[in-house]
Each structure stands twice: as structure tokens, then as C-alpha cells.
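Trainee: Sequence and predicted structure below; questions after.
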Amino acid sequence: MGIFRVVFFSLALCLFVVIFILSFPASFPRKDLKTGIKKIQLIFLTSIAYICIVLVIINNRLSIPEIYISIKIALLLIPAISCSIFSFFLYYPSIRFLVLSNIKDKKIIDALLVCLFRCAYSDTKGSKVALTELSDFYDKENAFVVQYGLSVYLDEYVNQAKDTPTYKPSITIIQCVFDRCSQVKHDIDIYTPVPYPNIGLVLSFMFSTFLTILIAIITAASG
């Protein structure tokens, strides 16, 4: 088998897997995570499709000396090349994107907890200033607040606090908001970046079955 065909089939296998991933419903804690992952997948899909087209044109129209290898070696190289391309150009960028997003979320929730602490336990003047900062934080990080389900809690906190002489809501509201924000921080701290949720086991089963069958074919042919 020619080396061009080996590369083409390797890329085609990656193409099939990416299309399979894109068609599978995915759930993420934040909408921007899902959007970012989809963008990486679409860039990878477009690039692989373009390279496949270029390889077909080169193979059909240009007379370029080609290296030929045995079919047994080719069958081993195709999944190896596919896994390498998939790992370096899709899985790694996806994991890196999720990790960086999680680091950003940690900074945001830590800043929110500091602001809430100052609102709840400063003197009247400090609580008033911190309450203004909390309102500004809400406006600046609105996507974060909404997607983690904190909008109801922070709205109630601000609404009650601004109508009191001390700029603090009741102890019950303070504790409720702290508990909810602490739970969000806990979820963020233990978050495991999984770029393909709900489909990991399917991909694992598919690749392991494919490799098992491939090895069986090669073993039978060698015998």
C-alpha cells in the first residue's frame, strides 16, 4: 500500500471519529465551554477534510514517487497514525482549553467569595463599598453567575442588603449565599476536564474493538 493511502486512511479515520463526536450530545457546566470545544472540533474537522482533499488531488493528478509498504504494516500504521493525530491536534488542545477555563473559573469564584466576605463582615462603610463592588462583579461576570446558577442568590443578597442601614442582609441570607457559592467553588475545584462527556466509553469501546479485530486479522494472515 502506498504511503499516501496510509496517510489518507489515517486521516479519514480521524474524520469519522470527529463527525461521530460532533453528532453526539455533550453537556458542560458552562455554555462557553461547549462553544469552545465545538470550535476546536470544527477547526480540526475542516483541517483534516482539507488535507484529505489535497492528498486525493496529489495522488490522482501528480506523478510523485511514492513509498510502498506491506499491507500488514499499513494496517498497523493506520490506527497508530490516527491516534497520534487525534491526540496531538484534537485531544490535547481540548484538554488545555478546559484546564485554562477552569483556572479562570477558580479565580472568579475566589474573587466572589472575598467580595461576599467583605460585604458580610466589614463595618457599615466597608459593607457599602463592598456591596457596590459586588454589583459591579455581577455585571462583569454575568455569564459566569448565570451559568453556575448564582444569579438568584446574588440578586436576593444585593436587594436585601441595599435596603438596610448596615448594607447587610439577614444572617439567613448570608449563610445561604455563602453555602451556594462554596458548593460552586467545590465543584470547580474538583472539576475533571473531559472534552467528550457521555461518549468516552463509546470511543474507548470502538477503538479497542477495532484494534482487537485488526490484530486478529494480521495474526490470521501471518499464520
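Mentor: Looks like it arrived, so ask away. Numbers count the residues shown, from 1 in each chain.
Trainee: For the lowest-mean-pLDDT helix or strand in the chain, which helices and strands make contact with it?
Mentor: Here the helix or strand of the chain ranked lowest by mean pLDDT, DSSP states H and E is helix 200-222, holding a mean of 70. Applying 3 or more CB pairs under 8 Å, 6 or more residues apart in numbering; DSSP states H and E, one finds that helix 200-222 contacts helix 3-23, helix 71-86. Bear in mind the C-beta positions are built from the backbone N, C-alpha and C, glycine included.
Trainee: gap between the closest residue to residue 86 other than its chain neighbours and residue 6?
Mentor: Residue nearest to residue 86 in three dimensions, not counting chain neighbours: residue 14, with 5.4 Å by CB to CB, 6 or more residues apart in numbering. According to CB to CB, to the nearest Å, residue 14 stands 13 Å off from residue 6.
Trainee: quick revisit: looks like the residue nearest to residue 86 contacts residue 79 (just checking).
Mentor: No. Residue 14 sits out of contact with residue 79 when judged by CB atoms under 8 Å, with a separation of 10.4 Å.
Trainee: So between the two, which is more surrounded?
Mentor: More neighbours surround residue 14 than the other of residue 14 and residue 79, with 24 against 17 (other CB atoms under 10 Å).
Trainee: Next up, the contacts around that one.
Mentor: 44, 48, 82, 85, 86, 90 (CB atoms under 8 Å, 6 or more residues apart in numbering).
Trainee: For the last one, the count of nearby residues, please.
Mentor: Spelled out, it's residue 90. If we define neighbours as other CB under 10 Å, then residue 90 has 23 of them.
Trainee: Check the gap between the closest residue to it other than its chain neighbours and residue 212 for me.
Mentor: The shortest distance from residue 90 to any non-neighbouring residue, by CB to CB, 6+ apart, is to residue 44 (4.7 Å). Separation of residue 44 from residue 212 (CB to CB) stands at 26 Å.
Trainee: What helix or strand is residue 167 located in?
Mentor: Counting by DSSP states H and E, no helix or strand carries residue 167.
Trainee: The one 5 residues further on now?
Mentor: Assessed by DSSP H and E, residue 172 sits inside helix 171-189.
Trainee: CA atoms only for that helix, dumped as PDB, please.
Mentor: The C-alpha trace of helix 171-189 is given here as PDB (Å, rounded to 0.1, in the frame of the first residue of the first chain):
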ATOM      1  CA  ILE A 171     -27.800  36.200  58.600                       C
ATOM      2  CA  THR A 172     -30.000  33.500  56.900                       C
ATOM      3  CA  ILE A 173     -29.500  35.100  53.500                       C
ATOM      4  CA  ILE A 174     -25.700  35.500  54.100                       C
ATOM      5  CA  GLN A 175     -25.400  31.800  55.100                       C
ATOM      6  CA  CYS A 176     -27.500  30.600  52.200                       C
ATOM      7  CA  VAL A 177     -25.500  32.600  49.600                       C
ATOM      8  CA  PHE A 178     -22.200  31.500  51.200                       C
ATOM      9  CA  ASP A 179     -23.300  27.900  51.100                       C
ATOM     10  CA  ARG A 180     -24.200  28.000  47.500                       C
ATOM     11  CA  CYS A 181     -21.000  29.800  46.400                       C
ATOM     12  CA  SER A 182     -19.000  27.300  48.500                       C
ATOM     13  CA  GLN A 183     -20.700  24.500  46.600                       C
ATOM     14  CA  VAL A 184     -19.800  26.100  43.300                       C
ATOM     15  CA  LYS A 185     -16.200  26.500  44.400                       C
ATOM     16  CA  HIS A 186     -16.100  22.900  45.400                       C
ATOM     17  CA  ASP A 187     -17.500  21.800  42.000                       C
ATOM     18  CA  ILE A 188     -14.900  24.000  40.200                       C
ATOM     19  CA  ASP A 189     -12.000  22.700  42.400                       C
END
